[in-house]
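>>> sequence and predicted model, in that order:
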Amino acid sequence: MSGPQGTQAGAGGADFRPRVERLLTDILGLMGFPARLDLQDAADGSLSVALHFESGPPPGVEPGKRSQVLDSLQFLLNKMLHRPGVERRWVMLGAGGHPEPRPRREAAQQAPAPAPAATVAQVAAAPAPAQPARVAQEKAAQPARPARGAQPAAQTPKASTPQQAKGAEADERSVQCEEDAVLREAVRKLAEKSASLGRFYAFAAMKTEDRARVLRAVEGVGGVKVAAEGEGRNRRVVFTPAKPAPMPKRSMLPDDDEDDVDA
């Protein structure tokens with residue numbers, strides 16, 4: 001269909017919601033995680049969809065939180081809905097509830113400009129600010145320098161910074177968890193495949209306990225190095241072969257244009 005009627009139907013006409021519901025139902029069914037869909041119009045003009053999974057969410061998905069699985073599903077859904085030459089209406093997904101609205105690029109570009117800086121004459125005419133009493137107290141509280149030749153006082157050890165504490169918590173090998181025999185067998189096969197073919201693999205959207213199980217499962221497998229990389233929900237387990245092999249050119253996928261996708 002062409003013309004204004006076709007554009008209205010593709011952007012947000014009467015068939016938009018049925019298309020979203022039908023596509024999401026098919027994708028979630030193929031994933032093996034059927035869900036009840038709650039659709040409602042968002043304040044920014046997008047369509048908000050709450051996914052209520054019938055038998056529990058997929059691995060890496062937690063209710064009320066963003067995840068790589070939801071981001072990938074949302075990206076795929078919008079790619080399937082939006083066609084060239086058709087006005088776009090974005091679909092936002094949330095697990096267990098409607099997602100919080102996120103700022104669009106257009107809103108960021110239309111942000112008000114900062115106030116102009118004061119002129120040189122205004123700065124010169126302004127009186128010098130008085131020294132705050134707190135600064136004077138801090139200077140008075142500073143310890144005096146020891147005399148030349150005197151033994152300096154012992155310094156107390158500094159407390160660990162949040163970055164150091166976070167790095168210590170990120171060591172999955174120290175996490176205590178029960179072993180999963182099925183996961184262990186699958187992970188060891190993937191590690192052997194990475195070593196024999198020279199291919200790089202990675203596990204994403206995994207919980208800390210699952211990453212710990214993966215790192216323990218590959219112990220003793222030669223020809224591949226397995227380590228956890230990244231921070232937060234972007235942390236992943238990477239399989240790095242000792243002898244990487246180049247990918248055949250015919251099997252390389254084309255780069256996808258992501259300029260039209262919100263960050």
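Looks like it came in fine. Quick caveat, the model's predicted, so the values are computed rather than measured.
>>> return the residues in contact with Met31.
Contact partners of Met31, counting by Cβ atoms under 8 Å, 6 or more residues apart in numbering, are Pro58. Backbone N, C-alpha and C define where each C-beta goes, glycine included.
>>> the nearest residue to Gly60 once chain neighbours are set aside: what's it in contact with?
Nearest non-adjacent residue to Gly60, counting by Cβ to Cβ, 6 or more residues apart in numbering: Ala205, 2.9 Å away. By Cβ under 8 Å, 6+ apart, the contact set of Ala205 is Pro59, Gly60, Val61, Ser67, Gln68, Val69, Arg233.
>>> what's the distance between Ala205 and Phe75?
14 Å (Cβ to Cβ, to the nearest Å).
>>> then Arg235?
20 Å.
>>> what ranges does the stretch 151-263 of the chain have for its strands?
201-203, 224-229, 236-241 (DSSP state E, counting those that start in this stretch).
>>> by contact count, what packs against the second one?
The criterion is 3 or more Cβ pairs under 8 Å, 6 or more residues apart in numbering; DSSP states H and E, and the helices and strands that strand 224-229 contacts are helix 181-197, helix 208-217, strand 236-241.
>>> just want the angle from the shortest one to strand 224-229.
What it means is strand 236-241. Put simply, strand 236-241 runs at 160 degrees to strand 224-229, going by axes from the mean of the first three to the mean of the last three Cα atoms, to 10 degrees.
>>> same for strand 236-241, what does it pack against?
Strand 236-241 packs on helix 181-197, strand 201-203, helix 208-217, strand 224-229, going by 3+ Cβ pairs under 8 Å, 6+ apart.
>>> what's the first one in contact with?
Which is helix 181-197. 199-201, 210, 213-214, 216-218, 221-224, 226, 239-242, 245.
>>> change it to 10 Å
Outside helix 181-197, the residues that touch it by Cβ atoms under 10 Å, 6 or more residues apart in numbering are 180, 199-201, 203, 210, 213-226, 237-245.
>>> what's the PyMOL syntax to select whichever of those residues are buried?
Buried residues within these, by 16 or more other Cβ atoms under 10 Å, are selected in PyMOL with:
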select buried, resi 199+201+203+210+213+214+215+217+218+221+224+226+237+238+239+240+241
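>>> if we can go back for a sec, in helices, which of the contacts of Ala205 fall?
Those of the contacts of Ala205 mapping onto helices are Gln68, Val69, per DSSP state H.
>>> pLDDT, distance to Val86 and neighbour count for the contacts of Ala205 - can I get that in TSV?
Below are the contacts of Ala205 laid out as TSV (pLDDT from 0 to 100; distance: Cβ to Cβ, whole Å; neighbours: other Cβ atoms under 10 Å):
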residue	pLDDT	distance to Val86	neighbour count
Pro59	86	34	13
Gly60	83	32	17
Val61	88	30	20
Ser67	84	29	18
Gln68	82	28	15
Val69	86	27	20
Arg233	78	32	16
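>>> I'd like the contacts of Ala205 laid out as JSON lines, including distance to Pro101.
What follows is these, written out as JSON lines (distance: Cβ to Cβ, whole Å):
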{"residue": "Pro59", "distance to Pro101": "27"}
{"residue": "Gly60", "distance to Pro101": "23"}
{"residue": "Val61", "distance to Pro101": "20"}
{"residue": "Ser67", "distance to Pro101": "18"}
{"residue": "Gln68", "distance to Pro101": "20"}
{"residue": "Val69", "distance to Pro101": "20"}
{"residue": "Arg233", "distance to Pro101": "19"}
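>>> closest one to Pro34 out of the contacts of Ala205, please.
In terms of Cβ to Cβ, no member of the contacts of Ala205 lies closer to Pro34 than Val61, at 13.8 Å.
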